[in-house]
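[1] Fold the stuff below for me.
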Amino acid sequence: MLKIENLNSFYGDVQVLFDVSLQINMGETIAIVGANAAGKSTLLRSISGLIKQKKGSVRFLEQQIINTTPYEIAHLGIIHIPQGRRVFPHMTVSENLAVGAYTRRKTIKMKQSLDKSFSIFPKLYELKNQAAGSLSGGEQQMLAIARGLIAEPRLITIDEPSLGLSPIMVENTFKVIEKINKENVTVLLVEQNVVKALELSKRAYVLENGKIIMQGKGKDLLADAHLKKAYLGM
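    Numbering: from 1, shown residues only. Next comes the predicted model:
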């Protein structure tokens, strides 16, 4: 579904990703794990077109998207859930969801799409007329994911969904991601909670200093001695 080859990404003169190559098959949940500043968010931003300075190949459903604009990439079916939620704080929950539907505005049936979002996130229905900026961190994370889903993604990339959440909300968030994947949405997950990410994912890549240093099945990486020492403190 997504094939990246020799991706190099830059912020100005600073190179962050070095010859990154990976692939995602349709229907998989893939995790990207690594330390802070390893380049994980840069990888997602590069896929979604938010990083302009990049070289290499990024193909989605056989189409080259390396120099495609973010809105065109979203229209193709890659939806990016950014780190930090990035909801529109002065707009209501319902208005935020309507923004998510923009790329599908010609084909989407808004009521059905809203109903589907509210069935996945019942709490959002209770809050639908409330300003997004007044929600808790966990509620904003629900809204950010729901806003992405209403665009009917083929591939959804989610950046640090558990960041700043309570343990209960972390559990709920991962259950939602698992449910999303079971509804035929391919998931690319960047997550600081290495254990949770590897337990959830079919396969995973370890990113270190902008380079892929390890890959494999999630359960196999959980048992890897280097990963345990470097990221789990074991």
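[2] Compute the distance between residue 173 and residue 92, please.
    Going from residue 173 to residue 92 by CB to CB, to the nearest Å gives 22 Å. C-beta: built from backbone N, CA, C; applies to glycine.
[3] more neighbours, those two?
    Set side by side, residue 173 and residue 92 show unequal neighbour counts under other CB atoms under 10 Å, the larger going to residue 173 at 21 against 16.
[4] If we ignore the residues flanking it in sequence, what's nearest that one?
    Closest residue to residue 173 in three dimensions, ignoring its sequence neighbours and counting by CB to CB, 6 or more residues apart in numbering: residue 161, at 5.1 Å.
[5] Assign the one you found to helix, strand or coil.
    Judged by DSSP: H, G, I helix; E, B strand; the rest coil, the three-state class of residue 161 is coil.
[6] in the protein, which segments are predicted with low confidence?
    When the per-residue scores of the chain are filtered using pLDDT under 70, the ranges that remain are 103-109, 232-234.
[7] Could you find the closest non-adjacent residue to the residue nearest to the spatial centre of it?
    In the chain, the C-alpha closest to the average C-alpha coordinate belongs to residue 158, at a distance of 1.5 Å (CA atoms, centre = their mean). Distance criterion CB to CB, 6+ apart; nearest residue to residue 158, sequence neighbours excluded, is residue 81 at 4.4 Å.
[8] Can you give me the separation between that neighbour and residue 156?
    Between residue 81 and residue 156 the distance, using CB to CB, works out to 7 Å.
[9] Pull up the overlap in contacts between those two.
    Counting by CB atoms under 8 Å, 6 or more residues apart in numbering, the common neighbours of residue 81 and residue 156 are residue 148.
[10] Surely the residue nearest to the centre of the chain and residue 181 touch.
    No: taking contact to mean CB atoms under 8 Å, the distance of 10.8 Å between residue 158 and residue 181 leaves them out of contact.
[11] how about stretch 61-80: buried residues?
    Of the residues in stretch 61-80, those scored as buried under the neighbour-count criterion (16 or more other CB atoms under 10 Å) are 65, 66, 68, 73, 74, 76, 77, 78, 79, 80.
[12] Pick out the most distant pair among those residues.
    Comparing every pair within these by CB to CB identifies 66 and 79 as the most remote, at 18.4 Å.
[13] longest helix of this structure?
    Of all the elements of type helix in the chain, the one with the most residues (DSSP state H) is helix 167-182.
[14] Now do the next helix or strand after it against helix 167-182, angle only.
    Using DSSP states H and E, the helix or strand that follows helix 167-182 in sequence is strand 186-190. Between the axes of strand 186-190 and helix 167-182, defined by axes from the mean of the first three to the mean of the last three CA atoms, to 10 degrees, the angle is 150 degrees.
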